[in-house]
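[1] Only the shape, not the letters, is given here:
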């Protein structure tokens, strides 16, 4: 394993303390329960692959229109009695094929709430196949208080060409960084000017290596209906607490990072930018990640029912391992230092199990949380690289 000196020196003391509480990660058969105990947060009739929290504790879930779940409301608030309230409401949640897609949630892939309590969502739009451009693909920002649309960003074909799929995003004070899992690239959007650039397209760090097959529960490979491996290129994404590094990986790994300043520098050639990319860790397939204020990367593993954590010194430990955690997805950390873990069981979907695939989903779908050990960091703030923080800029 190679780690740069800057990354590996930080947080040695914290990771050592964590090592005392949790032994090194092993690759034996999963135990019934390891690490932090799970607390059930919600039970959902709809498959949930993302979760978000406001500062006052309002809980939102992302409910993608994946095969078999075409009539989901896409985004909803989980109320105190466990029921779901579609967000932002009205025509936004009622999309169906043939309806207009500009003011509709077509296929939401993730949601996030950052420091200003607005909700951001990635809409992958209508599936046009590998040779087409998805209609309605966009980046959305809503006011969580009243559901008002604050921003809708559609990208030109030069940035989002045929076959591209927006996947996940992170922010600094002026930019959105988005992974393209369809073709493999990082997209940078200037939130002040709206200008967008496509970087690292075709670079090995954004491409899923066919030799690294995404093998999950029971040795099941993530397969398309025609029997071919499901190729998911640049997928999970994180930004370091100081805003200087962007971390990302294809579904099947490994994990890479690149300086955010280099990504934003349009004067830097693709070749020169590629030379700034650094290998971080030989990860297993990851379906979701999170990062805390201390730079620890939380990894939702695809091939094991667990969440592990990669410390800045390169040590890897188990946060929680439990049979209920197959395919944990987009996680978040609350202000109370609780790690929220949605479990969509994506590998159990019939559409991901090859020709004649059988549905193995266990319903209802569960959302869990675990309390993070004291040795780990707290909720990561949106790092202000320059300019006015979003919390002050958005009214």
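    That came in fine, so what should we check first? Since the model is a prediction, treat every value here as computed from it, not as a measurement. Numbering: from 1, shown residues only.

[2] Show the contacting residues for the closest residue to residue 370 other than its chain neighbours.
    In this structure, residue 370 finds its nearest non-sequential neighbour in residue 36, 3.9 Å apart by CB to CB, 6 or more residues apart in numbering. For every residue, glycine as well, the C-beta is placed using N, CA and C. Applying CB atoms under 8 Å, 6 or more residues apart in numbering, we find residue 36 in contact with 319, 320, 339, 370, 371, 372, 373.

[3] Residue 191 too?
    Counting by CB under 8 Å, 6+ apart, the residues that residue 191 touches are 151, 171, 174, 175, 176.

[4] Could you do residue 156 as well?
    Taking CB under 8 Å, 6+ apart as the test, what residue 156 contacts is residue 196.

[5] which SS state does it fall under?
    At residue 156 the chain is in coil, as set by DSSP: H, G, I helix; E, B strand; the rest coil.

[6] And for residue 97?
    Following three-state DSSP, we place residue 97 in the coil state.

[7] Skipping adjacent residues, who's closest to it in space?
    residue 126 (7.4 Å).

[8] for that neighbour, which residues make a bridge with it?
    Beta-bridge pairing for residue 126 (DSSP bridges): residue 135.

[9] For it, the count of nearby residues, please.
    Around residue 126 there are 18 other residues, counting by other CB atoms under 10 Å.

[10] measure the residue nearest to residue 370 to residue 221 for me?
    Counting by CB to CB, to the nearest Å, the separation of residue 36 from residue 221 is 30 Å.

[11] Show me where this structure dips below the pLDDT cut-off.
    Applying pLDDT under 70 to the chain flags residues 1-32, 383-395.

[12] can you give me the helices in it?
    5-9, 12-21, 260-264, 270-274, 390-393 (DSSP state H).

[13] List the buried residues in the third one.
    It stands for helix 260-264. Within helix 260-264, the residues that count as buried by 16 or more other CB atoms under 10 Å are 260, 262, 263, 264.

[14] Turn those residues into a markdown table, including distance to residue 201.
    Below are those laid out as a markdown table (distance: CB to CB, whole Å):
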| residue | distance to residue 201 |
| --- | --- |
| 260 | 17 |
| 262 | 15 |
| 263 | 12 |
| 264 | 16 |
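
[15] Report the buried members of the contacts of residue 36.
    Neighbour counting by 16+ other CB under 10 Å classes 319, 320, 339, 370, 372, 373 among the contacts of residue 36 as buried.

[16] Looking at those residues, which is nearest residue 110?
    For those, the minimum distance to residue 110 (CB to CB) is 16.6 Å, reached by residue 339.

[17] Please narrow the contacts of residue 36 to those residing in strands.
    Counting by DSSP state E, those place 319, 320, 339, 370, 371 in strands.

[18] how close does the third one sit to residue 370?
    It refers to residue 339. Separation of residue 339 from residue 370 (CB to CB): 5 Å.

[19] between those two, what contacts are shared?
    Jointly contacting residue 339 and residue 370 under the rule CB under 8 Å, 6+ apart are 36, 307, 319.

[20] could you dump those residues to a markdown table with distance to residue 256?
    Below are the shared contacts of residue 339 and residue 370 laid out as a markdown table (distance: CB to CB, whole Å):
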| residue | distance to residue 256 |
| --- | --- |
| 36 | 28 |
| 307 | 20 |
| 319 | 22 |
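
[21] Identify, from those, the entry nearest to residue 112.
    Sorting the shared contacts of residue 339 and residue 370 by how near they are to residue 112, with CB to CB, puts residue 307 at the top with 18.1 Å.

[22] tell me the contacts of the closest one?
    So residue 307 contacts 298-301, 318-321, 325, 328, 331, 339, 341, 370 (CB under 8 Å, 6+ apart).

[23] just checking, the residue nearest to residue 97 touches residue 101?
    Yes. Taking CB atoms under 8 Å as the definition, residue 126 is a contact partner of residue 101 at 6.4 Å.

[24] hey, what's in contact with both of those two?
    Shared contacts of residue 126 and residue 101 (CB under 8 Å, 6+ apart): 135, 136.

[25] which residues touch residue 232?
    Residue 232 is in contact with 181, 208, 214, 222, 250, 251, 252, counting by CB under 8 Å, 6+ apart.

[26] Find the nearest non-adjacent residue to the fifth one, please.
    Meaning residue 250. For residue 250, ignoring the flanking residues on the chain, the nearest one in space by CB to CB, 6+ apart is residue 208 at 3.8 Å.

[27] and that neighbour, how many residues sit next to it?
    Applying other CB under 10 Å, I find that residue 208 has 23 neighbouring residues.

[28] now residue 76
    When neighbours are counted by other CB under 10 Å, residue 76 registers 23.

[29] contacting residues for it?
    Going by CB under 8 Å, 6+ apart, residue 76 touches 46, 60, 61, 63, 84, 85, 86, 87, 93.

[30] Narrow those residues to just the buried residues.
    When the contacts of residue 76 are checked for burial by 16+ other CB under 10 Å, the buried set is 46, 60, 61, 63, 84, 86, 87, 93.

[31] Identify, from those residues, the entry nearest to residue 119.
    Taking CB to CB as the measure, residue 119 lies nearest residue 60 of the buried ones among the contacts of residue 76, at 6.2 Å.

[32] thinking that closest one is in contact with residue 144, fair?
    Yes. At 7.4 Å, residue 60 and residue 144 qualify as touching, with contact defined as CB under 8 Å.
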